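Colleague: Structure of the sequence below:
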Amino acid sequence: MLIFFICLTILFLGFKFYSPFVEKQAKLDPNIKTPQQRLAEGVDYVPIHPVKAYLIQFLNIAGVGPIFGPILGAIYGPVALVWIVLGNVLGGAVHDFFSGVMSIKEDGKSLPEIAGKYFNLVFKGLMLLFTAMLLFFVGVVFIMSPAGLLSNLSFFEGTIFAGNTFWVLVILGYYFLATLLPIDKIITKFYPLFGLLMIVMTVSMAIALLFNAPHLPELTDFFGYFTHNHFEHEFLQPNPDGAPIWPLLFLTITCGAISGFHSTQAPIMARCLTNEKYVRPVYYGAMISEGIVGCVWALAGIAAFPGGYPELQAVLAQGGPGLIVNQIATSYLGVFGGIMAIIAVAIFPITSGDTAFRSLRLTIVDAFSIPQCMRNRILLALPILTIAYFMTKVDFSLIWRYFAFSNMLLSTSVLWLATKYLFDRGTFHWIVSIPAVIATGITVSFILTAAIGANLPLDYAPMIGAITAAIAMIFVVSAHSKNKTAIA
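Modeller: Numbering: from 1, shown residues only. You can find the predicted model right below:
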């Protein structure tokens, strides 16, 4: 129980004391007009109250990511909580904050356009590719996961609603409408309510864990893990389950710690904020909130599967992550938990999927300067969603692996972009450049040792990561020295 409150305390202190320091480096100005005030057109640039903006941003980035990922990351034990908390405060929340800062400073544009301004056309092209790839995979994943759950509900047996294709088409139909309509028709009306629902669900699960979980880890278990060579052994080489901490933990748990997908959502609210002073609570604050969600579900996973990976894998084989959420929620919260589980793996991913496709439309529009009339929005949405439909026929686990890699790849790119942003202003860039160095080591070591990449032995991952990170750090130090000379 004490572990949970320590995690909450660190996240709270991070927002209270570290985020103002981070904000200071961005040089925001509450006295200038925002993109919403200068470019209002009634579709994407619509004024939103900051509380609503926070709830929408929280829901857009959360979905089921901070539920599925931390549950799967429970096989790593207490180190999963360390990654979520420290990764969130020092990496993910900073990443999200500067995604919002750079977008609001550049007329609410998407990150590839900003990359073109601060670097060059090559980096812009790479960012456009990474962003479009990730948004598309997110959209497909968040069609497949809720459709799979809804089609397997017992009370739909023997009806048309039991077919997976039916639910895929229903969800795609909703995505089509949500992608086309102005943001104030659906998103600003209903998503704040769903954001509150996510908060209620998280608080309910936390209370249930504290009072009902029979295997909740104690502080002695936590320190025991790090003092009996478990951490050192599993960090440097595969554990009996074949899942070493480096780099697989960091790819297993992205949402809750750091996620490139969040940067794709930043322009949506950056086009709606009415003052730059709201950037920190909306972006940094929403990510801290997601960290709390991640901690709750990581603890739930550890408590629910004390036997580790074999128990977890057995449930995954039966019904995927959705079944795990359902079992955990119903075991701790009864009937209420069952309802919450359905909402978690059906409604929440849909609210992230539609904003993923909306962001993909905005990214393409920004890249090719396409006027935003209804005809053009339809011509963009139709082919994207048609291809997405056929992608739902592909194996879910394969889609998820590409999603996980593209997610970390994009977050790494955004951190380097934020480094350049602070370099140009002569402020303290280390708050983003050091996380960028670490993320680079993780990303490179993963793709070189993963089955979808070079498929080198996992034993090489720590060495590859260390060498890559060292080279990246040398690059940063060299660039820092040149920048100081230029400023002087």
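
Colleague: tell me which residues in stretch 157-174 are buried?
Modeller: For stretch 157-174, the neighbour count (16 or more other Cβ atoms under 10 Å) marks 162, 166, 167, 168, 170, 171, 172 as buried. For the C-beta atoms, the positions are set from N, CA and C on the backbone; glycine is no exception.

Colleague: make that stretch 121-128, sorry
Modeller: Neighbour-count burial for stretch 121-128, with 16+ other Cβ under 10 Å as criterion, is recorded at 123, 124, 127, 128.

Colleague: Put together JSON lines for those residues, with secondary structure and distance to residue 479 on each row.
Modeller: Listed next are the buried residues of stretch 121-128 as JSON lines, based on DSSP: H, G, I helix; E, B strand; the rest coil; distance: Cβ to Cβ, whole Å:
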{"residue": "123", "secondary structure": "helix", "distance to residue 479": "14"}
{"residue": "124", "secondary structure": "helix", "distance to residue 479": "19"}
{"residue": "127", "secondary structure": "helix", "distance to residue 479": "19"}
{"residue": "128", "secondary structure": "helix", "distance to residue 479": "24"}
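
Colleague: about what we covered before: nearest to residue 96 among the buried residues of stretch 157-174?
Modeller: Nearest to residue 96 out of the buried residues of stretch 157-174 is residue 171 (Cβ to Cβ; 26.2 Å).

Colleague: what number of residues lie near the nearest residue to that closest one once chain neighbours are set aside?
Modeller: For residue 171, the nearest residue in space outside its immediate sequence neighbours is residue 143; the separation is 5.2 Å by Cβ to Cβ, 6 or more residues apart in numbering. Applying the criterion other Cβ atoms under 10 Å, we find 28 residues in the vicinity of residue 143.

Colleague: try residue 375
Modeller: Neighbours of residue 375 (other Cβ under 10 Å): 8.

Colleague: Please tell me the pLDDT value assigned to it.
Modeller: The predicted structure scores residue 375 at 89 on the pLDDT scale.

Colleague: does it sit in a helix or strand, and which one?
Modeller: Assigning secondary structure by DSSP states H and E places residue 375 in helix 374-391.

Colleague: could I have that helix exported to CSV, CA atoms only?
Modeller: The C-alpha coordinates for helix 374-391 follow below in CSV (Å, rounded to 0.1, in the frame of the first residue of the first chain):
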residue,chain,number,x,y,z
MET,A,374,-16.2,19.4,-46.4
ARG,A,375,-15.5,17.8,-49.8
ASN,A,376,-11.7,17.7,-49.1
ARG,A,377,-12.3,16.3,-45.6
ILE,A,378,-14.4,13.5,-47.1
LEU,A,379,-11.8,12.8,-49.8
LEU,A,380,-9.2,12.4,-47.2
ALA,A,381,-11.2,10.3,-44.7
LEU,A,382,-12.7,7.8,-47.1
PRO,A,383,-9.4,6.2,-48.4
ILE,A,384,-7.8,6.3,-44.9
LEU,A,385,-10.7,4.4,-43.3
THR,A,386,-11.1,2.0,-46.2
ILE,A,387,-7.4,0.9,-45.8
ALA,A,388,-7.9,0.7,-42.1
TYR,A,389,-10.8,-1.7,-42.6
PHE,A,390,-8.7,-4.1,-44.5
MET,A,391,-5.9,-3.8,-41.9
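
Colleague: Give me the contacts around it.
Modeller: Contact partners of helix 374-391, identified using Cβ atoms under 8 Å, 6 or more residues apart in numbering, comprise 136, 139-140, 143, 168-169, 172, 175-176, 179-180, 357, 360-361, 364-365, 370, 399.

Colleague: In helices only, show me these.
Modeller: Applying DSSP state H to the contacts of helix 374-391, the entries found in helices are 136, 139-140, 143, 168-169, 172, 175-176, 179-180, 357, 360-361, 364-365, 399.

Colleague: Quick one, which of those residues are buried?
Modeller: Neighbour-count burial (16+ other Cβ under 10 Å) is assigned, among the ones in helices among the contacts of helix 374-391, to 136, 139-140, 143, 168, 172, 175-176, 179-180, 357, 360-361, 364-365, 399.

Colleague: Nearest residue to residue 267 in space, please, no chain neighbours.
Modeller: On the basis of Cβ to Cβ, 6+ apart, the spatially nearest residue to residue 267 that is not a chain neighbour turns out to be residue 103, at 4.7 Å.

Colleague: What of residue 117?
Modeller: Leaving aside its sequence neighbours, residue 117 sits nearest to residue 106 (Cβ to Cβ, 6+ apart; 6.9 Å).

Colleague: ok, back up a step: same for the helix or strand hosting the residue nearest to residue 267, what does it pack against?
Modeller: Counting by DSSP H and E, the element that carries residue 103 is helix 93-105. Identification of packing neighbours for helix 93-105 by 3 or more Cβ pairs under 8 Å, 6 or more residues apart in numbering; DSSP states H and E yields helix 19-26, helix 111-118, helix 261-270, helix 279, helix 285-304, helix 396-425, helix 430-449.

Colleague: orientation of that helix relative to helix 111-118 in degrees?
Modeller: Using axes from the mean of the first three to the mean of the last three Cα atoms, to 10 degrees, one finds that helix 93-105 and helix 111-118 are set 80 degrees apart in direction.

Colleague: can you pull the buried residues of helix 93-105?
Modeller: Buried residues in helix 93-105, defined by neighbour count with 16+ other Cβ under 10 Å: 93-105.
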